[in-house]
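[1] coordinates only, sequence not included:
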């Protein structure tokens, strides 16, 4: 859970993020609860990271009954896939050199006891895999590079 103190047009707001899924955010703004549906999220990578601006896509992918809908990865124009949330790598579904299609599952990330399928956002070839099963990753960490 995160709390933000915001000032918009000289109005003060306290925003508490209660829960985040791949398509909605449960937020409390000045004590009143809201469900905010997500179309896309623009997320800026800190200056020390090689990426500049990333987008979070929320297109759902098929899931098994024991898992939640997929969380799409953050990606740059160059095909660098970074994790949208901190978690642990449960499985890697591709190998280096493999051709992938947009929407194809690349790996499964467990975060907050939910399994999130990280999918390709473009057609390409897996040129690098920077994680292994069992690795704990931070938000914004590079997972896979597609070319």
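    Received, thanks. Being a predicted model, the structure only gives us computed values, none of them experimental. Numbering: from 1, shown residues only.

[2] now the longest strand seen in the chain: buried residues?
    Taking DSSP state E as the criterion, the chain has its longest strand at strand 11-20. Neighbour-count burial for strand 11-20 flags residue 20 (criterion: 16 or more other CB atoms under 10 Å). C-beta coordinates here come from the backbone N, C-alpha and C atoms, glycine included.

[3] try stretch 89-108
    89, 90, 92, 94, 100, 103, 104, 105, 106, 107, 108.

[4] name the spans of the chain whose pLDDT lies under the cut-off.
    22, 39-78 (pLDDT under 70).

[5] quick check: phi and psi on the closest residue to residue 122 other than its chain neighbours?
    By the measure of CB to CB, 6 or more residues apart in numbering, the closest residue to residue 122 outside its immediate chain neighbours is residue 102, 5.3 Å from it. With angles defined as degrees, to the nearest 10, residue 102 sits at phi -50, psi 130.

[6] ok, residue 102 - contacts?
    Neighbouring residues of residue 102 by CB atoms under 8 Å, 6 or more residues apart in numbering: 119, 120, 121, 122, 123.

[7] what distance do you get for the residue most central in space within the chain to residue 141?
    In the chain, the centroid-proximal residue (CA atoms, centre = their mean) is residue 84; its distance is 2.4 Å. As judged by CB to CB, to the nearest Å, residue 84 and residue 141 stand 10 Å apart.

[8] of the contacts of residue 102, select the buried ones using a PyMOL command.
    Buried subset of those, written as a PyMOL selection, criterion 16+ other CB under 10 Å:
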select buried, resi 119+120+121
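
[9] farthest pair within the contacts of residue 102?
    Farthest apart among the contacts of residue 102 by CB to CB are 119 and 123. That separation is 12.0 Å.

[10] break this protein into its domains for me.
    Partitioning the chain according to automatic domain parsing yields domains covering residues 2-37, 41-146.

[11] got the buried residues for the shortest one?
    Burial within domain 2-37, assessed by neighbour count using 16+ other CB under 10 Å, is assigned to 20, 21, 22, 25, 27.

[12] tell me which two of those residues sit farthest apart.
    22 and 27 (15.6 Å).

[13] so the residue nearest to the centre of the chain, which state does it fall into?
    coil (DSSP: H, G, I helix; E, B strand; the rest coil).
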